[in-house]
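# just a sequence and a predicted model for now, questions to come.
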Amino acid sequence: MRTAIALFTRDLRVRDNPVLAGARAAADRVVPLFVLDNTLLLTSHGRPNRFGFLAESLRDLDQSLRERGGALFVRRGDWVEEVLRVAKQGDATTIHVARDISGYAQARLARLQSAAPMDVTTHDSITVVPPAAFGKPFVVFAPYYNRWLDASWRGLAPLPRRMSLPEDVEIGALPRGASPGTWQGGERAGLARLKAWTARGLRGYAARRDDPGADETSRLSPYLHFGCVSALEVASRLWDRTGSTELLRQLCWRDFYAQLLSWRPAVAHDDLRPGTAPVWRDAPGDFEAWKAGRTGFPFVDAGMRQLHAEGWMHNRVRMVVASFLTRDLRIDWREGARHFMDLLVDGDVANNQLNWQWVAGTGTDANPHRVLNPTLQGRDHDPGGVYVRRWIRELRDVPPDVDIHDPPFDVRRMTRYSEPIIDHHEAIEMWRASRGPRPGRGSADAT
């Protein structure tokens, strides 16, 4: 009897899983395997919020596999060594695994392919459109989006109904851990969230997606990062639905960044456009105030406190807090990206690092002079102060006739809320001066 390894990575689901379907079609027995990679666990990938979500997702995956006669085999250690050890124990003739995009993921897959005495079959299952689908990568979003809309998508992978396991391979122990209280990891939770949000929030998503107080975004990002839900299945489900255009656009942004990181893995830590950064400041006190949500700018502070409490932050607010760090404080985007990766449940190398570069002006933004004024952004996107009151306890009872996004001195003193650590307009002038002469007028500035 033939045995195949279905090697799970960032595809922790049974629905639309080409890896699982491919292994089931190739062999009589399947070993569904996940390896807790020691190298990743010792970096920001192993931080408590993401590890807890991962542990819950693995338990959910194990339950789904057991309902089909299988189980999830778990190992911990060197990824390649553990995969090959299990393959040898099970006398596997083939290994099926998803292609991933980071430099580390590409390198470890290459190591596996070089060391494995059996065939290693790779599948595209992490994005809607494969990263290499269009040949030479795009560095500008608009033309990529046009190609993406016209691309041919693979068919959804069939759901294996039954599977058989080898008898001579130990299953291993599932890891323990729990994600932050607002999240429940796993395919079941992801599909339930998708169903509920589609019924409730899809139609109004375009109009309300930038309103953090309404909290009407899908919150699917952790499930997409870990592959608890298939990006392709989400896109296929929503393609013809009223209100789906903006959500599909966000899925396209995800694919856009994936193809960039796949092409140039160094952008995880190097500027995509070298020479466009300002002179970064070494300002540990300002950085600590930003991390703690004590900058004196309510919209910024609310976002940072949400990040600490939930391991997540609304997308509009992510842009504003990143702009504040890189523009107002002139602190290197890599410092902010590292802090995000420490705390985010949905921490994803491509999305996190390249969104930070977009805001910092070193990445794919066509207007590297863009500035997001934190006070104006708060007034525009949280006009009633709902979001600020939710996350800044000191300002929760401020009367509605007070500008909660720029509280006067007496309100700050009475509530013990911080004074601004910088003057925004002076800081932006200093940032511009640090970049040298400014070409063009930068029509998207909002200072």
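All right, it came through fine.
# any weak-confidence spans in this structure?
436-447 (pLDDT under 70).
# recalculate using a threshold of 80.
44-45, 366, 435-447 (pLDDT under 80).
# give me phi/psi at the nearest residue to Trp79 once chain neighbours are set aside?
Closest residue to Trp79 apart from its sequence neighbours, by CB to CB, 6 or more residues apart in numbering: Asp37 at 4.3 Å. Every residue, glycine included, has its C-beta placed from N, CA and C. Asp37 adopts backbone torsions of phi -80, psi 110, taken as degrees, to the nearest 10.
# wait, Asp37 sits on Val80?
No. With contact defined as CB atoms under 8 Å, Asp37 does not count as touching Val80 (9.4 Å).
# looking at the two, which is more packed in?
Between Asp37 and Val80, Asp37 has the larger neighbour count (other CB atoms under 10 Å), namely 22 against 19.
# got the contact list for that one?
Contacts of Asp37 were listed using CB atoms under 8 Å, 6 or more residues apart in numbering, and they are Asp78, Trp79, Arg108.
# repeat that for Gln184.
Gln184 sits next to Glu56 when contact means CB under 8 Å, 6+ apart.
# secondary structure element holding it?
In the assignment (DSSP states H and E), Gln184 maps to no helix and no strand.
# hang on, the earlier thing: make a markdown table out of the contacts of Asp37 and add neighbour count, secondary structure and distance to His123.
Formatted as a markdown table, the contacts of Asp37 follow (neighbours: other CB atoms under 10 Å; DSSP: H, G, I helix; E, B strand; the rest coil; distance: CB to CB, whole Å):
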| residue | neighbour count | secondary structure | distance to His123 |
| --- | --- | --- | --- |
| Asp78 | 16 | coil | 23 |
| Trp79 | 23 | helix | 17 |
| Arg108 | 21 | helix | 16 |
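# and for Pro158, the neighbour number?
Applying other CB under 10 Å, we find 14 residues neighbouring Pro158.
# just the buried positions in the host helix or strand of Ala350, please.
For Ala350, the element it lies in under DSSP H and E is helix 349-360. Under the neighbour-count criterion of 16 or more other CB atoms under 10 Å, helix 349-360 has Val349, Ala350, Asn351, Asn352, Gln353, Leu354, Asn355, Trp356, Gln357, Trp358, Val359, Ala360 buried.
# okay, it in CSV with CA atoms only?
Extracted as CSV, the C-alpha positions of helix 349-360 are listed here (Å, rounded to 0.1, in the frame of the first residue of the first chain):
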residue,chain,number,x,y,z
VAL,A,349,5.6,38.8,6.9
ALA,A,350,4.4,40.0,3.5
ASN,A,351,1.4,42.0,4.6
ASN,A,352,3.1,43.4,7.7
GLN,A,353,6.5,44.4,6.3
LEU,A,354,5.2,45.7,3.0
ASN,A,355,2.4,47.7,4.5
TRP,A,356,4.9,49.3,6.8
GLN,A,357,7.1,50.1,3.9
TRP,A,358,4.0,51.5,2.0
VAL,A,359,3.4,53.9,4.8
ALA,A,360,7.0,54.7,5.4
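# tell me the helix or strand right after it.
Once helix 349-360 ends, the next helix or strand along the chain (criterion: DSSP H and E) is helix 374-381.
# show me what that following helix is packed against.
helix 298-310, helix 315-323 (3 or more CB pairs under 8 Å, 6 or more residues apart in numbering; DSSP states H and E).
# quick one: closest of the ones you listed to Pro48.
Set against Pro48 and scored by CB to CB, those come closest in helix 298-310, at 12.2 Å.
# report the angle between that closest one and helix 374-381.
Orientation note: helix 298-310 sits at an angle of 80 degrees relative to helix 374-381 (axes from the mean of the first three to the mean of the last three CA atoms, to 10 degrees).
# quick check: neighbours shared by Asp37 and Val80?
Joint contacts of Asp37 and Val80 (CB under 8 Å, 6+ apart) are Arg108.
# give me the distance between Gln259 and Arg413.
To Arg413, Gln259 is 51 Å away according to CB to CB, to the nearest Å.
# so which of the two has more stuff around it?
Applying other CB under 10 Å to Gln259 and Arg413 shows that Gln259 carries more neighbours, namely 24 against 11.
# quick one, phi/psi of that one?
Torsion angles at Gln259 (phi, psi; degrees, to the nearest 10) stand at phi -70, psi -30.
# tell me which residues touch it, please.
Ile101, Pro131, Ala132, Ala133, Phe134, Pro137, Phe138, Tyr144.
# among the residues you listed, which are in helices?
Mapping those onto helices (DSSP state H) picks out Tyr144.
# got the contacts of Gln259 as TSV, with distance to Asp406 and neighbour count columns?
Formatted as TSV, the contacts of Gln259 follow (distance: CB to CB, whole Å; neighbours: other CB atoms under 10 Å):
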residue	distance to Asp406	neighbour count
Ile101	41	21
Pro131	43	22
Ala132	48	13
Ala133	47	16
Phe134	45	15
Pro137	42	16
Phe138	40	19
Tyr144	38	21
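# can you add distance to Glu167 and give the contacts of Gln259 back as a markdown table?
As requested, the contacts of Gln259 are arranged in a markdown table below (distance: CB to CB, whole Å):
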| residue | distance to Glu167 |
| --- | --- |
| Ile101 | 36 |
| Pro131 | 38 |
| Ala132 | 39 |
| Ala133 | 41 |
| Phe134 | 46 |
| Pro137 | 46 |
| Phe138 | 49 |
| Tyr144 | 48 |
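# kindly list the main-chain dihedrals of His123?
phi -130, psi 150.
# ok, the nearest residue in space to it that is not next to it in sequence to Gly303 distance?
Closest residue to His123 apart from its sequence neighbours, by CB to CB, 6+ apart: Pro18 at 3.9 Å. Using CB to CB, Pro18 is found at 37 Å from Gly303.
# tell me where the stretch 201-350 of the chain has helices.
205-208, 221-225, 231-238, 245-263, 284-292, 298-310, 315-323, 333-343, 349-360 (DSSP state H, counting those that start in this stretch).
# list the buried ones in stretch 203-223?
Buried residues in stretch 203-223 (16+ other CB under 10 Å): 205, 209-214, 216-223.
# ends of it, what's the gap?
21 Å (CA to CA, to the nearest Å).
# next one: that stretch to chain centre, how far?
15 Å (CA atoms, centre = their mean, to the nearest Å).
# do stretch 7-23 as well
So, by CA atoms, centre = their mean, the centroid of stretch 7-23 is 19 Å from its chain's centroid.
# alpha carbons only: can I get that stretch in CSV?
Output of stretch 7-23 as CSV, limited to C-alpha atoms (Å, rounded to 0.1, in the frame of the first residue of the first chain):
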residue,chain,number,x,y,z
LEU,A,7,2.5,18.3,5.1
PHE,A,8,0.5,21.2,6.5
THR,A,9,2.1,24.7,6.9
ARG,A,10,-0.1,27.7,6.4
ASP,A,11,-3.1,25.7,5.2
LEU,A,12,-4.7,24.4,8.4
ARG,A,13,-8.0,23.3,6.9
VAL,A,14,-9.6,20.4,5.2
ARG,A,15,-11.8,22.4,2.7
ASP,A,16,-10.1,23.5,-0.5
ASN,A,17,-6.8,22.1,0.5
PRO,A,18,-4.8,20.9,-2.6
VAL,A,19,-2.1,19.4,-0.3
LEU,A,20,-4.5,17.1,1.5
ALA,A,21,-6.5,16.3,-1.7
GLY,A,22,-3.3,15.6,-3.6
ALA,A,23,-1.9,13.3,-1.0
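# many thanks, we can stop here.
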